[in-house]
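S.K.: Please work out how this folds:
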Amino acid sequence: MGKKEDEELEKLKKEKMKKIMKKKSKSEFPNHPLEVTDSNFQEIVERYPLVVIDFWAGWCSACKPMSPLIERLAEKYAGEVVFGKLNIDKNSRVPNKFQVGSIPTFLFIKNESPIDKVVGAVSPKIFEQKLRKYTD
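M.R.: A predicted model of the protein is given here:
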């Protein structure tokens, strides 16, 4: 092999090791929503393969009924999905980055990339159907 092929092989090895090291045992996944901030957002999405971020605010009446649902789902899907809650009144960088214009907004992130979004309060059945698309 030539130098170019060696470099490519080394790059692939490093990427594969990164993925292996990133995989967490189910016991390392939280069973409750994490507090997400502008400061820790990147760390959380890098650490877990599937993350759902709940963008909310204390004054948001539509956010309130969704909170218990997120708590239940975090417990039910522990080991598969990590849920996070990001208060938009205290953090503006991440909501701006993902163009969150209404709350509640739920951003689904898989392997560090946004893959889906739910805007507004939805029924538990609809929310869980959406979630199952990415866990099955």
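
S.K.: Share the number of residues neighbouring Asp38, please.
M.R.: The number of residues packed around Asp38, counting by other C-beta atoms under 10 Å, is 15. All C-beta atoms are positioned from the backbone trio N, CA, C, and that covers glycine.

S.K.: let me redo that: Glu46
M.R.: 13.

S.K.: Now tell me what touches the one helix or strand it maps to from outside.
M.R.: Using DSSP states H and E, the secondary-structure element containing Glu46 is helix 41-47. For helix 41-47, the external contacting residues (C-beta atoms under 8 Å, 6 or more residues apart in numbering) are Lys22, Lys24, Leu34, Val36, Val51, Ile53, Val82, Gly84, Leu86, Val94, Ile109, Glu112.

S.K.: Show the residue spans covered by the helices in this protein.
M.R.: Taking DSSP state H as the criterion, the chain carries its helices at 3-22, 41-47, 66-76, 93-97, 124-135.

S.K.: wait, which of the ones you listed is closest to Glu28?
M.R.: Taking C-beta to C-beta, helix 41-47 is the member of the helices of the chain nearest to Glu28, at 9.0 Å.

S.K.: Could I get the contacting residues of Lys34?
M.R.: Not quite, residue 34 is Leu, not Lys. Applying C-beta under 8 Å, 6+ apart to Leu34 gives the contacts Ile44, Val82, Phe83, Gly84, Lys85.
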